[in-house]
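**Q** A structural model of the following input is requested.
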Amino acid sequence: MTTDQTRPRVSVLRILNGSGDTSISWDPDRLAASDPEAEAAVHEAERLFAEARANGAVAFRIAADRAATRLNEFDPTAEEILVVPPMVGG
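**A** Predicted coordinates for the structure are as follows:
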């Protein structure tokens, strides 16, 4: 049985889009230890976040037991970042 204390902590960026969603994840502890794989994942997440925001998407920090808060800048320490594309009227 895995408990929260033994479960690896993972951060994730999720970008909603017309074909489902795109996600990228990384381990914040490995990022803090300068792990190249975690650093590469964060660089890609930052790129995707910036691209989506430049196209009008809004981003929210999602955390268990807390209300979602809007993000204007990428935060690699967030548990989850959800990026929602702009609404298109029709």
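**Q** pretty sure residue 24 is in a helix, no?
**A** No: Residue 24 is assigned strand when assessed by DSSP: H, G, I helix; E, B strand; the rest coil, not a helix.
**Q** Next, count neighbours for the nearest residue to it once chain neighbours are set aside.
**A** Excluding its sequence neighbours, the residue lying closest to residue 24 (Cβ to Cβ, 6 or more residues apart in numbering) is residue 45, at 4.8 Å. Every residue, glycine included, has its C-beta placed from N, CA and C. By the measure other Cβ atoms under 10 Å, the count of residues near residue 45 is 21.
**Q** so residue 45 makes contact with residue 22?
**A** No: using Cβ atoms under 8 Å, residue 45 is not in contact with residue 22; the gap is 10.1 Å.
**Q** before we move on, back to that, for the residue nearest to residue 24, list the residues it contacts.
**A** With contact taken as Cβ atoms under 8 Å, 6 or more residues apart in numbering, residue 45 is in contact with 13, 24, 26, 74, 76, 81.
**Q** run the last query once more with 7 Å
**A** Shown in contact with residue 45 (Cβ atoms under 7 Å, 6 or more residues apart in numbering): 13, 24, 26, 74.
**Q** which among these gets closest to residue 38?
**A** residue 26 (4.7 Å; Cβ to Cβ).
**Q** Buried residues, stretch 76-90. List them.
**A** 76, 78, 80, 81, 82, 83 (16 or more other Cβ atoms under 10 Å).
**Q** Mind checking which of those land in strands?
**A** Using DSSP state E, the members of the buried residues of stretch 76-90 that fall in strands are 80, 81, 82, 83.
**Q** Any figure for the gap between residue 53 and residue 46?
**A** According to Cβ to Cβ, to the nearest Å, residue 53 stands 11 Å off from residue 46.
**Q** Ignore what I typed, I meant residue 85.
**A** 18 Å.
**Q** try residue 71
**A** From residue 71 to residue 46 the distance is 12 Å (Cβ to Cβ).
**Q** rewinding a little: quick one: which of the contacts of residue 45 has the most company?
**A** residue 13 (26 neighbours).
**Q** wait, what's in contact with that residue?
**A** 23, 24, 45, 48, 49, 81.
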